[in-house]
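Undergrad: sequence first, then the predicted structure, then my questions.
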Amino acid sequence: MRLINYLKRNISISKNSAQQLLKTAIAHEERGETADAIACYHRVIKADASWAVPHYNLGLLYKYQCNWQLSYEHNKTAVKLDTNNQAAIWNLGIAATALQDWKTARKSWSKFGIKVEINDQEPDLVLGAVPIRLNPDTDGEVVWCKRIDPARTVIENIPLAKSAHRFGDMLLNDGAAVGYRKLEDGTDVPVFNELQLLTKSAYKTFSVKAYINTMDDLNKLEELCRNSGVEMEDWSTVRMLCKQCSEGTVHTDHDHELHVNEDNERYIGLAATNHEAVQQALAGWRAVTLCEHSALVLELE
């Protein structure tokens with residue numbers, strides 16, 4: 001009995017030590033002392049190897065560093081130690097997606113009720129449209145994307161050139177909502193942050209100032225662009241949001257709109273794989289509408 005009591009007492013001491021170390025590790029991480037935090041998390045694991053929390057925290061830390069192998073390993077261990085840890089399961093799915101371990105990713109998504117076969121094939125699901133915040137630590141432009149699985153999206157807007165993103169780029173996205181946007185039917189949908197650019201599209205970004213007489217002229221430009229394989233977006237209507245609105249639910253207490261010039265000058269974003277297709281669309285537009293435009297600018301290769 002004395003041996004059993006001794007073992008119980010030392011297990012208790014070990015767990016208390018691990019809990020104190022975990023608090024220290026979190027404090028290091030909150031102060032941006034990443035190396036110290038990582039070292040301290042490993043000390044927590046050494047003190048209590050059965051605890052899922054330090055593995056989950058390390059997996060989360062490595063996720064935001066885009067260190068996918070280590071994020072994968074620690075989230076996988078966290079899930080093994082705590083099979084009900086949904087956050088670890090989701091982050092394991094993200095890391096597996098980044099590493100193209102499709103079977104592990106599929107297993108992760110299936111645990112959230114997503115109907116997906118468990119195999120080694122790359123998922124190509126139809127999960128609807130979702131807003132993604134590009135470069136969340138800097139400019140934070142939000143664009144609408146096509147969601148092809150829970151951790152990957154394809155940009156369907158034409159991002160502003162300063163974002164260094166293009167129409168058609170494939171992104172790795174986080175799974176935690178940071179703000180909301182509304183669909184046309186008024187439904188709120190979550191905004192997810194970009195984690196990493198996975199695949200750069202073949203599209204280039206162009207811009208032009210179009211001088212229109214009526215909205216029909218703008219509609220005609222959109223039609224001609226579509227016929228030429230060119231994507232078009234009226235950047236004059238882009239809204240610049242304060243941080244509070246961007247990361248919450250957009251409100252109308254103050255003006256976010258970029259005002260369109262009174263002379264009907266429209267700032268147009270264009271996406272195409274080649275310069276000639278854009279020039280062809282613009283030439284046809286001038287001929288049909290007798291409208292003019294400024295010189296075409298290549299914004300992003």
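TA: Nice, I can see it.

Undergrad: ok, then the element right after the lowest-mean-pLDDT helix or strand in the chain?
TA: When the helices and strands of the chain are compared on mean pLDDT, DSSP states H and E, helix 243-246 comes out lowest with a mean of 52. Heading C-terminal from helix 243-246, the first helix or strand you meet, by DSSP states H and E, is strand 265-272.

Undergrad: direction included, what does that following strand pair against?
TA: Strand 265-272 has the following strand partners under DSSP bridges: strand 204-211 (antiparallel), strand 231-234 (antiparallel).

Undergrad: let's see the first one as CSV, backbone CA atoms only.
TA: The C-alpha coordinates for strand 204-211 follow below in CSV (Å, rounded to 0.1, in the frame of the first residue of the first chain):
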residue,chain,number,x,y,z
LYS,A,204,-2.6,38.3,-64.4
THR,A,205,-4.3,41.3,-62.9
PHE,A,206,-4.9,44.4,-65.0
SER,A,207,-6.7,47.7,-64.3
VAL,A,208,-8.3,50.4,-66.4
LYS,A,209,-10.4,53.5,-65.8
ALA,A,210,-13.6,53.3,-67.9
TYR,A,211,-15.6,56.4,-68.7
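
Undergrad: list the buried residues for that strand?
TA: 204, 205, 206, 207, 208, 209, 210 (16 or more other C-beta atoms under 10 Å). To be clear about C-beta, it is placed using only N, CA and C from the backbone, and glycine gets the same treatment.

Undergrad: is residue 136 in contact with residue 193, as I believe?
TA: Yes: in this structure, residue 136 is within contact of residue 193 by C-beta atoms under 8 Å, at 4.1 Å.

Undergrad: return the member of the buried residues of strand 204-211 nearest to residue 109.
TA: Minimum distance to residue 109 across those is 32.1 Å, recorded for residue 205 (C-beta to C-beta).

Undergrad: contacts only, for the closest one.
TA: By C-beta atoms under 8 Å, 6 or more residues apart in numbering, the contact set of residue 205 is 158, 159, 161, 166, 167, 269, 270, 271, 298, 299, 300.

Undergrad: right, I'll leave it there.
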